[in-house]
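Enquirer: A structural model of the following input is requested.
(2 chains)
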Amino acid sequence: MSELKGSGGELRAVVQITRKATGKTETVELVARTTPEQHEAMKDFLGVKDDGGHTLDSK
Amino acid sequence: MAVTHSTASRNAATNAVVDQLDGAGSKLCFRISAAGAIAATLTFATPAFGASSSGTATAGAIASDTNAAGNASPVSHATLQTSGDVVAITCQVAASGSDIDMTNGLTIASGDSVSCASLTYTALSA
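Expert: Modelled structure (predicted):
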């Protein structure tokens, strides 16, 4: 059986840094992924089990 | 077969996370490690995010850090936390597009001014 893996959270931001040393402004687009621990916490919240089932599934 | 979620589920998940930051003074912190020193702290509006749509919530206006603490080490993580420093989200950051020299990673020097023009959060991408 294939190992099922969910998709983690993602944060995207456009950040600008104005350097004190030069006065110049630099722009960076950041992409951030939640950590594995965060991903597990979200799975618990939604009741998703590691085998792809749900905690509400009847036994 | 991958696990997928309905739009309603994805919105519920995203809102459950960002609603933790609804209180005044919630912060976006750029750190040199997951729980490490903070190089810059920006302040969210109240509430921090609007309602999730299609699984993604967009942050309101974010106040700049006009005098960053800075750090010689590059930024590796970002945390979104309450004014009482309860962390709701911890992320590993990477640059997808930049005009900064990223040879040594994204570094913020002491006294730099850091602003965030836009920020979105998606709890579940599928």
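
Enquirer: Any stretches of the chain with poor pLDDT?
Expert: Unless you meant another one, I'm taking chain A. A:1-8, A:35-59 (pLDDT under 70).

Enquirer: looking at chain B here, not the other one
Expert: Within chain B, the ranges that satisfy pLDDT under 70 run B:1, B:96-105.

Enquirer: how does it look with 50?
Expert: Low-confidence segments of chain B, defined by pLDDT under 50, are located at B:98-99.

Enquirer: do you know how far the closest residue to chain B within chain A is from B:Ala95?
Expert: In chain A, the residue that lies nearest chain B is A:Ala32 (3.3 Å; C-beta to the nearest C-beta). No exception for glycine: its C-beta is placed from N, CA and C like everyone else's. In this structure, A:Ala32 lies at 10 Å from B:Ala95, with C-beta to C-beta, to the nearest Å as the measure.

Enquirer: Helices of chain B, start to end?
Expert: Along chain B, the segments classed as helices by DSSP state H run B:7-18.

Enquirer: Of all the strand elements in it, which one is longest?
Expert: Counting residues, the longest strand found in chain B (DSSP state E) is strand B:87-98.

Enquirer: on that earlier part again, quick one: list the elements packing against whichever strand or helix holds the residue of chain A closest to chain B.
Expert: In this assignment (DSSP states H and E), A:Ala32 forms part of strand A:25-34. Secondary structure elements in contact with strand A:25-34, counted by 3 or more C-beta pairs under 8 Å, 6 or more residues apart in numbering or on different chains; DSSP states H and E, are strand A:10-18, strand B:77-81, strand B:87-98.

Enquirer: Alright, calling it a day.
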